[in-house]
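> Got a predicted model here, sequence first, then my questions.
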Amino acid sequence: MATETAGARMQVARFPGLVPTGRVARQMIRGALIWGAVFALLVWELVNEFANQYPTAADRERLVATMGSDVGQQALFGPAHHLGTVAGYTAFHMTGVLGIIGGIWGLLAATRLLRGEEEAGRFELLLAGRTTRARAAAASLAGLGAGLLVLWVVTAGAVVLFGRSADPPISVGAGLFAAVATVAPAAMFLTVGALCGQLATTRRQAATWAATVFGLAYLLRVVAYSGTSLRWLHWVTPLGWVDELRPLTGSRPLVLVPIVAAVAALAVLTIVLAGRRDLGAGVLPAHDTAIARTRLLNSPLGLACRLGLRPALGWIVGLAGGGLVLGFSTKTVEDIWADNRSGGVLQRLGGASGGDVFLGLLFLIVAILIGMAAAAHATATREEEAEGYLDHLLARPVARAPWLAGRFVVAAAALTGAGLATGLFTWVGAAAVDASVDLPSLLAAGINVASVGIFVLGIGTLAHGLAPRFVGTVAYGVVAWSFLVEIVGASLGLSRWLLDLSILHHIARAPAAGVRWDSVAILIALGVAAAAAGTLAFTRRDLQGA
C-alpha cells in the first residue's frame, strides 16, 4: 500500500495539474452524455410534435392564442417568440425546460466534483506533489468545462440534425447558437457551484448555497414575467440573460457578453480563493466549536434529535416564511388569473383552473422542496457513516438499527412539521388579505406534500442499507426525475405510464383539489417499508467510508 501511494505521488509530481483535469472530465463527460441524450430526445420530440400537432395555419394560430397568451407558462419558462413556427416552438422549450435542467445539473456537478472530492480526501494526495491549490482548482474547472463542451456538442448535433427535417429547416448556424443558449445556464451555475465550494466547508453546504442562488434567480424570472410592471427584473437574473439570447427567433449574440463575463469572473474568483484557503477549510467560518452541551445524548433517538434539530428548524422556518409571503399575495394573484381558463401548462401543473391554480402550483413547489429536504436528510445520515463518526458511536453499546431508525423517525417528523407549518402560515398570510381559503384544507395540503418527503426519505434510507455510496444520487435523483416528468409532461403531454413514474403525479394538487388520502397513505407506507428494509440491510453489511 505504501509503495502504491509513493508511486502515485511521483506520478502526480511529474504531471502537475493533469490528474484533476482528467478525473473530473471523465466524471463530467459521463453525466454530460446522459443529459445530452435527454436533450437530443426532447429536441427530436419537439420538432416532430410541432409538425404532427400543428400542421395547418389555423392550428398554429390556436397555439399562439393559447400558449402564447398563457402568463403562467411564460412565468415558468420565459417569454415565447414566434411560437407559431417550429423554430420558435423548439427554442421556447429548449431555453425554458432544458435551461433549468442544465443549471441544476451544473451546480450539483460542480459541488460534487470540487468540494466533494476535497471533502473525501482525494485532493490531499494530489497536493502532495508540485500542484498548488489554485492550480488544482483551475485544472478541475478545466475538467468541468470539458463535460460542458460535450453537452454542447451533443445538443448542437441534435438541433442541426433534427432541424433539417423541420419546415422551414433550421440552419446550421442557428442550431449551433441555440445549443449555446441551452447550455449557458449550466455554464453559469457550474461556476456558481464551484465558487460556493470554496466558500463552504462541506459539499452539502456548498450545494445548498448554490441551489439557493439558483432558486433566487428563478424566482426573479418568475416575478419578471408574471404580467406585472417588474419585467425589468429579468435583466437582474442570469436566467433572464439567457431569455434575451432569443435563439432560432432572432439571435442576439451580444447578450453572450454578460454571460461569458459572469462565467469568467466566477471561475477566476474560484481559483483565487482556492489558492488562499487551507485544504479542507472554507473561506467562510464554519463555527465548528461551541460549549459542550450533552442534553439528549443518552440514546440514539436523542442524538438524532440533536443532530437534526437545526436543519429541521431551517427548513420549517424557511417554508413557513415562504408560505406567509405567498399567502399575502394569494388574493391578488387569484384575481389576476380568475378568468384564465385556457387550460395552459400552469393549469395542468396546478390541477385546477382560474384563481385556484395558484395555491395548487404553490404546494406543488413546496412538495419539491420537501423532497429535496428529505434527500438532504438521507445524505447527511450517510455522511456520518462515510466520515467515520459512526465508528465511535458503535464502539459503545449502541445497535445499528435504533441509530438508523431514529434518523428516519426524526427526519419524517421534521418533514411533516415543515408541511404543516407551510399550510398554517399560508393561511395566516391569506387571511390577512381576506383571501377565500380555510385552515383545514391548507393543513391537509401540508400533510399531502409531506408524504412525498417521507417517501423520498424511505428510498434514501433503503439506498443507505443496500448501496450507501449512491444515497445522494438515488434520493436527489427521485426528486429531480419527478420534477422533470411533471414539467415536461405538463408542457408536452407525456403518456400516462411515464407520468406514473413521478411521485408528484400521485398526489392531489391540494388545496386547489381535495386530498387523495389513499395516495397519501400509500406513499407514507411505501416510505416506511423502504426505510425498514434499508435498516435491516444496514445491520447486515460492513460499515463503508467515503
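Thanks, I have it. Residues are numbered from 1 along each chain as shown.
> Where does pLDDT dip in the stretch 301-450 of the chain?
Low-confidence segments of the stretch 301-450 of the chain (pLDDT under 70): 301-303, 308, 325, 328-358, 392, 395-398.
> what secondary structure does Gly22 sit in?
Under DSSP: H, G, I helix; E, B strand; the rest coil, Gly22 falls in the helix class.
> What sits closest to it if chain neighbours are left out?
Gly143 (7.0 Å; Cβ to Cβ, 6 or more residues apart in numbering). C-beta: built from backbone N, CA, C; applies to glycine.
> Mind checking what secondary structure the one you found has?
helix.
> how far away is it from Arg30?
Gly143 sits 12 Å away from Arg30, going by Cβ to Cβ, to the nearest Å.
> for Gly88, same thing?
Gly88 is 33 Å from Arg30, by Cβ to Cβ.
> Tell me where the stretch 401-546 of the chain has helices.
439-466, 471-492, 496-499, 517-539 (DSSP state H, counting those that start in this stretch).
> Kindly apply the preceding question to the stretch 151-300 of the chain instead.
Along the stretch 151-300 of the chain, counting by DSSP H, counting those that start in this stretch, helices occupy 172-199, 203-224, 238-245, 256-276, 300-328.
> Now Leu190: closest residue in space that isn't a chain neighbour?
Nearest in space to Leu190, with sequence neighbours left out and distances taken as Cβ to Cβ, 6+ apart, is Gly106 at 3.5 Å.
> neighbour-wise, which of Gly88 and Arg30 wins?
Set side by side, Gly88 and Arg30 show more neighbours around Gly88, with 23 against 12, by other Cβ atoms under 10 Å.
> what's around Asp438, how many residues?
Neighbours around Asp438, by other Cβ under 10 Å: 12.
> Could you find the closest non-adjacent residue to it?
Trp427 (7.6 Å).
> for Ser441, what are its contacts?
Neighbour list for Ser441: 510-511 [criterion: Cβ atoms under 8 Å, 6 or more residues apart in numbering].
> Any regions of the stretch 1-150 of the chain where pLDDT drops low?
Ranges of the stretch 1-150 of the chain meeting pLDDT under 70: 1-20, 66-73, 76, 120, 122-130.
> Now do the helices in it.
Using DSSP H, counting those that start in this stretch, helices in the stretch 1-150 of the chain cover 2-14, 18-53, 57-66, 71-77, 86-93, 99-113, 115-119, 122-126, 133-163.
> Switch those over to TSV; also include distance to Glu244.
Shown next, in TSV, are these (distance: least, Cβ to Cβ, whole Å):
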stretch	distance to Glu244
helix 2-14	44
helix 18-53	21
helix 57-66	21
helix 71-77	14
helix 86-93	12
helix 99-113	12
helix 115-119	31
helix 122-126	38
helix 133-163	19
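> Report the contact partners of the residue most central in space within the chain.
Nearest to the geometric centre of the chain sits Ile104, at 4.9 Å (Cα atoms, centre = their mean). By Cβ under 8 Å, 6+ apart, the contact set of Ile104 is 189, 211, 214, 480.
> and the least confident of those?
When the contacts of Ile104 are sorted by pLDDT, the bottom entry is Ala480 at 80.
> With adjacent residues omitted, what lies nearest to that residue?
Ile104 (6.9 Å).
> ok, the one you found to Leu63 distance?
For Ile104, the distance to Leu63 - Cβ to Cβ - is 28 Å.
> and if you look at Leu498?
23 Å.
> Compare these two (neighbour count), which wins?
Leu63 (18 against 12).
> looking at it, Arg112 is touching Arg203, isn't it?
Yes. Arg112 lies in contact with Arg203 (Cβ atoms under 8 Å); the separation is 6.4 Å.
> doesn't Ala80 make contact with Phe246?
Actually, residue 246 is Arg. It isn't Phe. No. Arg246 is not in contact with Ala80 according to Cβ under 8 Å; the separation is 10.6 Å.
> residues contacting Ala264?
Contacts of Ala264 by Cβ under 8 Å, 6+ apart: none found.
> change it to 10 Å
Neighbouring residues of Ala264 by Cβ atoms under 10 Å, 6 or more residues apart in numbering: Thr191.
> And it, how far from Ile271?
11 Å.
> what does Arg30 give?
25 Å.
> before we move on, what about Arg310?
32 Å.
> Of the two, which one has the most company?
Using other Cβ under 10 Å as the criterion, Arg310 and Ile271 rank with Ile271 on top: 22 against 8.
> Now do the same contact list for the more buried one.
133-141, 194-195, 198.
> mind running it again at 6 Å?
134, 137-138 (Cβ atoms under 6 Å, 6 or more residues apart in numbering).
> Buried only: go through these for me.
Buried residues within those, counting neighbours by 16 or more other Cβ atoms under 10 Å: 137-138.
> Just give me the closest of the contacts of Ile271 to Leu523.
Nearest to Leu523, judged by Cβ to Cβ, of the contacts of Ile271 is Ala137 at 42.0 Å.
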